[in-house]
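*Asks:* with the sequence up front, the predicted model follows.
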Amino acid sequence: MRTTTVLVIGGGATGTGIARDLALRGVDATLVERGGLGSGTSGRSHGLLHSGARYAESDRVGAEECIEESRILKTIAGECIRDTGGLFVQLTGDDPEYFEEKRSACEAVGIPTETLDDEAVRDRVPEIAADVERAMEVPDAVIYPSRLVAANAADARDHGATIHTHAPVEAIAADDGRVQHVTVGGSVDERIEAEYVVNATGAWAEQLAEMADLDVKMKPTRGVMLSVEYDGLGPVLNRARDPDDGDIIIPHEGEVVLGTTSVEVDDPDEYPREDWEIERTVEECAAMLPPVADAPTVRTWWGVRPLYAPDEDERGGRGISRGFFRLDHADDGVENAVSVVGGKLTTYRQMAESTADLVCERLGVDAESETADRRLPGADDPDRLDEFVATFDAQGETDAGVVGRNQE
């Protein structure tokens, strides 16, 4: 039996962020991840660091979280981020009222914007669609999740946390209102006894919670991404319309990532991957940037969003909210466990801070979060960041064309 003060289950951005936050507060933390770090949702995203503009008119709180966290990450994450800027592109046939509503909402939230006419858009993106009418410039950026996750884990480790990859949870023993111990296989192959347990497994949170007879209802959705050969795109491109398939193009140094679809799945591990999703995504993205229609495909992957079912059922519709939820299982009769679900990669640090706040409150730890002001290790050194990626087997599909490029 191993012992730790806090056991964090899940090695994506949120889980490693929680381990880092706790370690910086002096809390003994152990993290276990069934694969390499970021092998779930974090490493299989489209790599967009949201400015909040996508959610401004539909979810003001979520948009405010995004712009605040985006600014923090641009300060602390260095070479985990590429500050490209972004454009919301209005094509002929797109509703001009939607454009105006989004611009007004961004202004209300505090997201800076600038409206570009068709000529100015072509100056920024020479091969933009011929029927472009205007665009709104916003402070979107590109994020390299493999580096981000690995740097969080490295900082956690350097401040006393223990990080175990390829260590799947096999069973959770809950009795007398507490999680008594967690059986971990793979590289650990032992039981772990913790004072507090954090479920940060994202789309898999329902399955993990069931091991402890807890009810966490998730509604995961899959989305396809394609990386295709295309050099020279400067800003992120977003279609200025209600969120739909194929409305985001992300520049990735000689490639662009096209995304995405949204299809509900029953199992985040086993689900169909349909050709129509690929075809529709390419077709819709090509409406903004025509050359991608015939660009050679480098790789194709699907990711699964960790959506919280009660919120999705209440709000309904795609892209309405990507807020996060901290579920204190003391309310369910298990006093030493919490699940954190929902959210997005852009807000991982805030999710981690909120969860660490609850854990510290329960443990009687009087220490504030430092993660908003403390730069990640290796932030200014991409080679060092890529060494972290290799150490924690953190390479994901999103940034495979960028991370480790100079590593032998």
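*Replies:* Here it is on my side, so go on.

*Asks:* pretty sure residue 114 sits against residue 139.
*Replies:* No: in this structure, residue 114 is not within contact of residue 139 by CB atoms under 8 Å, at 10.3 Å. From N, CA and C alone the C-beta is placed, and that goes for glycine too.

*Asks:* contacts for the host helix or strand of residue 135?
*Replies:* Using DSSP states H and E, residue 135 sits within strand 132-138. By CB atoms under 8 Å, 6 or more residues apart in numbering, the residues outside strand 132-138 that reach it are 51, 53, 85-92, 94, 96, 99, 102-103, 106, 111-118, 120-122, 124, 235, 240, 288.

*Asks:* phi, psi for the spatially most central residue of the chain please.
*Replies:* For the chain, the residue nearest the mean C-alpha position is residue 345 (2.1 Å; CA atoms, centre = their mean). Note on residue 345: backbone dihedrals following degrees, to the nearest 10 are phi -60, psi -40.

*Asks:* against residue 202, how distant is it?
*Replies:* 10 Å (CB to CB, to the nearest Å).

*Asks:* need the residues touching each of those two.
*Replies:* In contact with both residue 345 and residue 202: residue 42, using CB under 8 Å, 6+ apart.

*Asks:* you'd agree residue 109 is up against residue 61?
*Replies:* No: with contacts counted by CB under 8 Å, residue 109 stays clear of residue 61, the gap being 9.4 Å.

*Asks:* comparing these two, which residue is more hemmed in?
*Replies:* Each of residue 109 and residue 61 has its neighbours counted (other CB atoms under 10 Å); residue 109 has more, 22 against 12.

*Asks:* leaving out chain neighbours, which residue sits closest to that one?
*Replies:* residue 63 (4.8 Å; CB to CB, 6 or more residues apart in numbering).

*Asks:* and the one you found, that's in a helix?
*Replies:* Yes: under DSSP: H, G, I helix; E, B strand; the rest coil, residue 63 falls within a helix.

*Asks:* in this structure it contacts residue 111, no?
*Replies:* Yes: between residue 63 and residue 111 a contact is recorded at 6.8 Å, counting by CB under 8 Å.

*Asks:* give the residues shared as contacts by the two.
*Replies:* 52, 53, 56.

*Asks:* would you list every one of the helices in the stretch 251-400 of the chain?
*Replies:* Remark: helices assigned in the stretch 251-400 of the chain by DSSP state H, counting those that start in this stretch are 275-288, 309-315, 348-363, 382-391.

*Asks:* got a list of what the residue nearest to residue 310 when sequence neighbours are not counted touches?
*Replies:* The shortest distance from residue 310 to any non-neighbouring residue, by CB to CB, 6+ apart, is to residue 217 (6.2 Å). By CB under 8 Å, 6+ apart, the residues touching residue 217 are 206, 308, 309, 310.

*Asks:* can you get me a residue count around the nearest residue to residue 323 once chain neighbours are set aside?
*Replies:* With CB to CB, 6+ apart as the criterion, residue 323 has its nearest non-adjacent residue at 5.2 Å, and that residue is residue 62. For residue 62, the neighbour count with other CB under 10 Å is 24.
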